[in-house]
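Student: Provided below for reference: sequence and predicted model.
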Protein chains: 2
Amino acid sequence: MRPHETLLSVPPCSPSTLPETWPEGAAQELARRLGERCVWSQAVREQHGRDESPFVDVPPPDAVVMAQSVEDVSAVLAWAQEFGVPVIPFAAGSSLEGHVLAVQGGVSLDVNALNAVHAIHTEDMTATVGPGLTRKQLNAALGGTGLFFPIDPGADASIGGMAATRASGTNAVRYGTLRENVLALQVVLPGGEVIRTGTRARKSSAGYDLTRLMVGSEGTLGVITEVTVRLHPLPEAVSAAVCAFPSVLQAVQCTTAIIQAGIPIARVELLDAATVGRVNRHAGLTLPQKDLLLMEFHGSPASVAEQAQAVQGIAEDLGGLGFDWATRPEERSRLWAARHNAYFAGVQSRPGCRVITTDVCVPISRLAEAVQAAVDEADAAGQPYFLVGHVGDGNFHMGYLVDPHDADEIARAEALNRGVVERAIAASGTCTGEHGIGLHKRDFLRQEAGEAGVALMRAIKAAIDPKNIMNPGKVV
Amino acid sequence: MRPHETLLSVPPCSPSTLPETWPEGAAQELARRLGERCVWSQAVREQHGRDESPFVDVPPPDAVVMAQSVEDVSAVLAWAQEFGVPVIPFAAGSSLEGHVLAVQGGVSLDVNALNAVHAIHTEDMTATVGPGLTRKQLNAALGGTGLFFPIDPGADASIGGMAATRASGTNAVRYGTLRENVLALQVVLPGGEVIRTGTRARKSSAGYDLTRLMVGSEGTLGVITEVTVRLHPLPEAVSAAVCAFPSVLQAVQCTTAIIQAGIPIARVELLDAATVGRVNRHAGLTLPQKDLLLMEFHGSPASVAEQAQAVQGIAEDLGGLGFDWATRPEERSRLWAARHNAYFAGVQSRPGCRVITTDVCVPISRLAEAVQAAVDEADAAGQPYFLVGHVGDGNFHMGYLVDPHDADEIARAEALNRGVVERAIAASGTCTGEHGIGLHKRDFLRQEAGEAGVALMRAIKAAIDPKNIMNPGKVV
């Protein structure tokens, strides 16, 4: 069942109470232009007013448009420009930073139905897809081609949302982030004009890099309606391993040594012992309840063996307590599913909690001190948390598990987050490796990019979206 | 001797004839603020009014400022904003597309003296350098670290210029282009404000990607005054090979098969037989005068052997006439120096000529037809040319050798260029893989990005540089 098919039972074109803040006639005109794709029901609006961020008190959007085509997206943006009403693009709703929340009201523009696989060019290793297609759906569509789409942020996020937040995840250490793996976009600009950026060529020096400008713009510059991504050959051999360490510090030091040795490891993920315990309970696994590195090696059989041997040597030198190997696909799938469920395992461990997630990324030489300080401060404060990390990139997440109705606890977790971020920026790192700025990190962006940098971003925003209709209140 | 030391013998602050188009008092004020770094001599101005583009009749800039510091750059841009005089950043002058030409007069801002190595972080594999440092100077500075900077566009270009044109070259098939290898920039904006973009973290989702916006902006949005690049471990083993083919088509088909097989080849370069002949004469080599692929493999000894074996199998299937191996460093250096001199070998083969260079890049599956059509049309037209290509990326260059004073011949070469570009765009490719738009490809940019895309670029340009002082007349 496609998302909009759930909605045919609700009165489609008749807002029971017209949005008070909209200009005269705006609602009627939206309903006239979009017909039954425009939905006003409380349930649907609330469903589009939620994400995985810590914010719980934001009112839902005033309306939802279930776009069925690029023309629908264009019509909504033309309407929004005309009436000055905000538009917030929406797909999987898996954002962690409040990107999809309608903080200034307006229309949630649901692009989940734009989920076509427009083209797979196996010979060029590219795919062109709609923004609502999820990464798992894309990989399913690639079945039998010998190719895969490596970007893997854990959640089964939409490709459009991943482009909008410059997402990455566990495979980025080897295959790069969304930024390196997007070739071209179709984007609807505020006002409704449709542009194409980039081409299917692997590289280009043709003018300003509009593709990379849109990637990571979090829906504030336009709506991504088509994404052309790079694909990669499925590795001939894959081997995954779990290695336990006596401490988080030693696990991180091992990671740093692996990266500095130039080993092309495909995945290297950190879980602290408490998180492993929660994951074991959540997923019915029996991983050793220690600070762990979960690793994966891709390549020819000889290359995988060579990488694995080199990593084992490094781990032994750094206190590694032995390797468990998973070479069968189903074992590996269970391992990575468990890793991806660390978030939900954390949430489950404290019923009713929300998660305030840090997302700093630092130069690899500064990672050990950054992780250690984050853990020490959270322990000292008595704040429940989980710790996971795409440590090969220097990126880690403290997930502070907070009672969303306890202002003191939220303040404490936010203070811990602030400490993590400020240390990361001081260490030449970034406040967000992959989750984006959204609502939650706007102050940190100013610290990181400086007032002049943010002013430049604002100038670009104003040039492209002078009426500030695109996802206002986010990023800048 | 640093560049500005050549200039102390010329009257530093007294333009013999004041630039006629400048506003009243502008020249005196520039001289007052920049002192002897501001140079008016005809010889120096002419030296800064030339590049490797086919344009020969453009008057030189009105003045040259030999910047010694970021503060100098900032002072020039503040002055330029005040008086509305154009500024054209200048470093190595190796542009092929007219980027440094003062088509609207103004000041050539020479940043060659900003060539410091500010920091090398071996443990993080990053280096922060001034824009005037050349790629060879950077690699010399990395001696003994076990690291190297792979981007290699042939010419010993400046890192700042390479960032400004989003350069790539022979190693990009394995290591990516400048775009993927730049982490952070310092940029002086029109008006003189200094910003920093990016951090030393490997990835970030922090706001709009100002780094990637500046990379490839060709000096039209600001002046890059510092570049932080990624470095890579020197491969444990390196092996280079030359393989001859009966035809250009078969050489390209071999490349396509190598890429589609997912072999992580480090370099794969095409030279047609006539070009090989010129290179042999120019460099005193004895390469077989056939259509050649020059290849290089990087990795562990086992991985290099594995790659080489796989490629030999593919080449044999596609008519390859045997491999010559170069494993000693000095043999490899001679081979790649010869490749890099293909341009000058071409120029030398027709005294007094200039080169009109195509630079298209297409999806790898469309490369064979694109190269074949380009060769067929040039042969049919009787136009002298050389053919080289970073074929692993789908990027190739026809270098049409033209008499710069023969309008008919230039028109013929431009028509051939146009055909190459239009076919590339029709094949989902780009008009420029690595040289940039400059003066020469502005019409092609409109064809590729569309009027709406170019309008968006113009809106960004106007937002950042409202007085249009930065390298006006280029790109958009």
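Tutor: Yes, it's here.

Student: And chain A, what are its domain boundaries?
Tutor: The record, using automatic domain parsing to delimit domains, assigns chain A the ranges A:3-110, A:117-233, A:237-426.

Student: most tightly surrounded among these?
Tutor: Mean neighbour counts were compared across the domains of chain A using mean count of other C-beta atoms under 10 Å in any protein chain shown; the top stretch is domain A:117-233, at a mean of 23. For glycine as for every other residue, the C-beta is placed from the backbone atoms N, C-alpha and C.

Student: pLDDT averaged over that one, what's the number?
Tutor: In this model, domain A:117-233 has an average pLDDT of 97.

Student: so which of the domains of chain A gets nearest residue B:21?
Tutor: Nearest to residue B:21, of all these, is domain A:117-233, at 27.5 Å by C-beta to C-beta.

Student: Tell me how far that closest one lies from the chain's centre.
Tutor: Taking C-alpha atoms, centre = their mean, to the nearest Å, the mean C-alpha location of domain A:117-233 is offset from the chain mean by 13 Å.

Student: End to end on it, go ahead and measure it.
Tutor: The separation between the terminal residues of domain A:117-233, taken as C-alpha to C-alpha, to the nearest Å, is 19 Å.

Student: near chain B at all, it?
Tutor: Yes - on the criterion C-beta under 8 Å from any C-beta of the partner chain, domain A:117-233 is in touch with chain B at A:121, A:123-126, A:165-168, A:172, A:176-177, A:179-180, A:189, A:193-197, A:199-210, A:212-213, A:215-217, A:221, A:232-233.

Student: Counting only strands, which of those residues make the cut?
Tutor: Secondary structure assignment by DSSP state E places A:121, A:126, A:194-197, A:232-233 of those in strands.

Student: Name the nearest of those relative to residue A:357.
Tutor: Taking C-beta to C-beta as the measure, residue A:357 sits nearest to residue A:232 out of these, at 27.8 Å.

Student: Please name the spatially closest residue to that closest one (chain neighbours excluded).
Tutor: Nearest residue to residue A:232 in three dimensions, chain neighbours excluded: residue A:150, at 5.6 Å (C-beta to C-beta, 6 or more residues apart in numbering or on different chains).

Student: go on, residue A:134?
Tutor: In space, and not counting its chain neighbours, residue A:134 is closest to residue A:156: 4.7 Å by C-beta to C-beta, 6+ apart.

Student: Same question for residue A:350.
Tutor: For residue A:350, ignoring the flanking residues on the chain, the nearest one in space by C-beta to C-beta, 6+ apart is residue A:401 at 4.5 Å.

Student: Run the contact check for stretch A:433-447 versus chain B.
Tutor: Yes - with C-beta under 8 Å from any C-beta as the criterion, chain B is reached by stretch A:433-447 at A:433-437, A:441, A:444-445.

Student: Now do the contacts for residue A:117.
Tutor: By C-beta atoms under 8 Å, 6 or more residues apart in numbering or on different chains, residue A:117 lies in contact with A:127-130, A:133, A:138, A:141.

Student: and of these, the nearest to chain B?
Tutor: Taking C-beta to the nearest C-beta as the measure, chain B sits nearest to residue A:128 out of those, at 9.7 Å.

Student: What strands flank whichever strand or helix holds the closest one, and is each parallel or antiparallel?
Tutor: Mapping residue A:128 onto the secondary structure by DSSP states H and E places it in strand A:126-129. The strands beside strand A:126-129 in its sheet (DSSP bridges) come out as strand A:117-121 (antiparallel), strand A:223-230 (antiparallel).

Student: what's the closest of the domains of chain A to residue B:323?
Tutor: Put simply, out of the domains of chain A the one that sits nearest residue B:323 is domain A:237-426, at 20.4 Å, with distance taken as C-beta to C-beta.

Student: which stretches of the stretch 201-350 of chain A have low pLDDT?
Tutor: Low-confidence segments of the stretch 201-350 of chain A, defined by pLDDT under 70: none present.

Student: follow-up on the earlier one: I'd like to know how far the residue nearest to residue A:134 sits from chain B.
Tutor: Here the criterion is C-beta to the nearest C-beta, to the nearest Å. By it, residue A:156 lies 19 Å from chain B.

Student: Please look at that residue and residue A:135 and confirm they touch.
Tutor: Yes - distance between residue A:156 and residue A:135: 6.3 Å, which falls inside the contact criterion (C-beta atoms under 8 Å).

Student: helix or strand for the closest residue to residue A:271 other than its chain neighbours, which one?
Tutor: Distance criterion C-beta to C-beta, 6+ apart; nearest residue to residue A:271, sequence neighbours excluded, is residue A:292 at 5.0 Å. Element membership of residue A:292 [criterion: DSSP H and E] is strand A:291-299.

Student: okay, the angle between that strand and strand B:291-299?
Tutor: Using axes from the mean of the first three to the mean of the last three C-alpha atoms, to 10 degrees, one finds that strand A:291-299 and strand B:291-299 are set 160 degrees apart in direction.

Student: strands paired with strand A:291-299, and their directions?
Tutor: Strand pairing (DSSP bridges) places strand A:291-299 next to strand A:237-245 (antiparallel), strand A:267-271 (antiparallel).

Student: CSV for these, including distance to residue B:110?
Tutor: As requested, the strands paired with strand A:291-299 are arranged in CSV below (distance: least, C-beta to C-beta, whole Å):
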stretch, distance to residue B:110
strand A:237-245, 52
strand A:267-271, 45
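
Student: sorry, back to before: format the domains of chain A as CSV; extra columns: distance to residue B:226.
Tutor: As requested, these are exported to CSV (distance: least, C-beta to C-beta, whole Å):
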stretch, distance to residue B:226
domain A:3-110, 30
domain A:117-233, 19
domain A:237-426, 16
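
Student: remind me which residues of the stretch 351-476 of chain A are low pLDDT?
Tutor: For the stretch 351-476 of chain A, no range has pLDDT under 70.

Student: Break down it into its strands, ranges please.
Tutor: In the stretch 351-476 of chain A, the segments counted as strands under DSSP state E, counting those that start in this stretch are A:354-357, A:385-390, A:395-402.

Student: Does anything pack onto the first one? Which helices or strands?
Tutor: Just to be clear, that refers to strand A:354-357. Contacting strand A:354-357 under the criterion 3 or more C-beta pairs under 8 Å, 6 or more residues apart in numbering or on different chains; DSSP states H and E are the following elements: helix A:342-348, strand A:395-402, helix A:407-426.
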